[in-house]
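Chemist: coords below, sequence missing:
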């Protein structure tokens, strides 16, 4: 990610906490809700790993291939479950966006190999020499998608908070609170937007 390492640390912490909360959500709810929480936990931890500053956690050369395989498999899984429920379409887009970012930032890719005058850039703090963030049209389309997703999720969160104070966790505890699940998705959407913006 271009910019100070502090941004990488903040994204790493934010995505890691979000992934941990998604693991907590896996303990309650229906099978479909647990499946969704699993997919979101993988996305949260994957984003946290990708945002880790390279000065502290230098990525192995093959690390980008692991991201491509992991999120490629998650995309196939999202495609399979899209036929049941529309929310998995968002997981499919997110997984494909992670594959795209990993391919763009991989050593030897077009963006990483053709640096301009040795200007250093980094995604999530991983120092690489690159000209631009991949295919501008695709990056732009993903930015528009995530901006719209964040705005829509944010507006869906407002009525839940404005409905009045909750009387405590319902049934399954913190993992069963729908407003926290929505806030979790909103957080990951914002983080994905930030990662794409600095690609």
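Modeler: Received it, and whenever you're ready, just let me know what you need. Bear in mind the structure is a predicted one, so any value in this text is a computation, not a measurement.
Chemist: Any buried residues in the lengthiest helix in the chain, and which?
Modeler: The single longest helix within the chain, with elements called by DSSP state H, is helix 136-162. For helix 136-162, burial by neighbour count (16 or more other C-beta atoms under 10 Å) applies to 139, 142-143, 145-146, 149-150, 153, 157. (Glycine included, C-beta is placed from N, CA and C.)
Chemist: Same question for stretch 6-23.
Modeler: Using 16+ other C-beta under 10 Å as the test for burial, stretch 6-23 gives 7-9, 11-12, 14-16, 18-19, 21-22.
Chemist: So what's the gap between the helix or strand harbouring residue 23 and the chain middle?
Modeler: If you go by DSSP states H and E, residue 23 is part of helix 5-25. Distance, stretch centre to chain centre, for helix 5-25: 10 Å (C-alpha atoms, centre = their mean, to the nearest Å).
Chemist: on contacts alone, who are the packing partners of it?
Modeler: helix 31-51, helix 178-197 (3 or more C-beta pairs under 8 Å, 6 or more residues apart in numbering; DSSP states H and E).
Chemist: That one to helix 178-197, inter-axis angle?
Modeler: For helix 5-25 against helix 178-197, the angle by axes from the mean of the first three to the mean of the last three C-alpha atoms, to 10 degrees is 150 degrees.
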